[in-house]
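Trainee: sequence and predicted structure, then a few things I'm wondering about:
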Amino acid sequence: MSDAKILATIERSDTEQLQISISEYKGKSYLNMRIHYTTDGGSTWLPTKKGVTFTPEQIDILEEAIQQAKQEFME
């Protein structure tokens, strides 16, 4: 897997964060949302098995779901 391009980071605790990134694997690009953890005060973040990967074709479905969630929260 090539180096991931981190798009956003959401802090969950001092030792855990959700990283949203784009990466390439076997010549295909993916959007990854994965929990990462640190044991050295944040100098190094390591991925866990907790996460989800989307193909580019699935991003529109994800975006629609996020828009629906935003509408629900605004009501």
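Mentor: Great, that's in hand.
Trainee: nearest residue to the middle of the protein?
Mentor: Centroid check for the chain by Cα atoms, centre = their mean gives Met33 as the closest residue, at 2.0 Å.
Trainee: let's see the pLDDT reported for that residue.
Mentor: If you check Met33, the pLDDT there is 97.
Trainee: all helices for this protein, in order.
Mentor: Taking DSSP state H, the helices of the chain run over residues 59-74.
Trainee: tell me how far Asp40 lies from Gln68.
Mentor: Separation of Asp40 from Gln68 (Cβ to Cβ, to the nearest Å) stands at 39 Å. Placement of C-beta: from N, CA and C, glycine included.
Trainee: show me where pLDDT drops low in the protein?
Mentor: Counting by pLDDT under 70, the chain has low-confidence residues at 1-2.
Trainee: go ahead and confirm Leu7 touches Ser23.
Mentor: No - at 10.7 Å, Leu7 does not count as touching Ser23 under the criterion of Cβ atoms under 8 Å.
Trainee: neighbour-wise, which of the two wins?
Mentor: The neighbour comparison of Leu7 against Ser23 (other Cβ atoms under 10 Å) goes to Ser23, with 17 against 12.
Trainee: what's the closest non-adjacent residue to that one?
Mentor: In space, and not counting its chain neighbours, Ser23 is closest to Ala4: 4.0 Å by Cβ to Cβ, 6 or more residues apart in numbering.
Trainee: for that neighbour, what are phi and psi?
Mentor: In terms of degrees, to the nearest 10, the main-chain angles of Ala4 are phi -80, psi 150.
Trainee: what's around it, how many residues?
Mentor: Using other Cβ under 10 Å: Ala4 sits among 16 other residues.
Trainee: then Thr48?
Mentor: 10.
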